[in-house]
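J.: After the sequence you'll find the predicted model.
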Amino acid sequence: MQPHYTIVAFSHLRWNFVYQRPQHLLSRLAAKRPVFFIEEPELDLAGPVRWEQSDPQPNLTVLRARTPIRAPGSCT
């Protein structure tokens, strides 16, 4: 019996922007194992540091950090 490892994917893409190959492959992998899709942080000058979570399908969790901190290459 094979162990079911969790897959963690860090991406510069937004899960809901355009359905591309990463979303296609990870959606299929989520049918058999847990998948965490971590988007790059989003700049939010008005709010506290926090994680936003969505679950577009079973076994698939999309996480996005919201932060008021500007960091080169990580916030748009």
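T.: Cool, got the structure.
J.: Which residue ranges of the chain form helices?
T.: Secondary structure of the chain (DSSP state H): helices at 21-29.
J.: what about it, any weak spots by pLDDT?
T.: For the chain, the stretches flagged by pLDDT under 70 are 1-3, 72-76.
J.: what are the ranges of the strands in it?
T.: Per DSSP state E, the chain carries strands over the ranges 7-11, 35-43, 50-57, 60-67.
J.: Put together JSON lines for these, with distance to Tyr19 on each row.
T.: Backbone N, C-alpha and C define where each C-beta goes, glycine included. As requested, the strands of the chain are arranged in JSON lines below (distance: least, Cβ to Cβ, whole Å):
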{"stretch": "strand 7-11", "distance to Tyr19": "13"}
{"stretch": "strand 35-43", "distance to Tyr19": "13"}
{"stretch": "strand 50-57", "distance to Tyr19": "10"}
{"stretch": "strand 60-67", "distance to Tyr19": "13"}
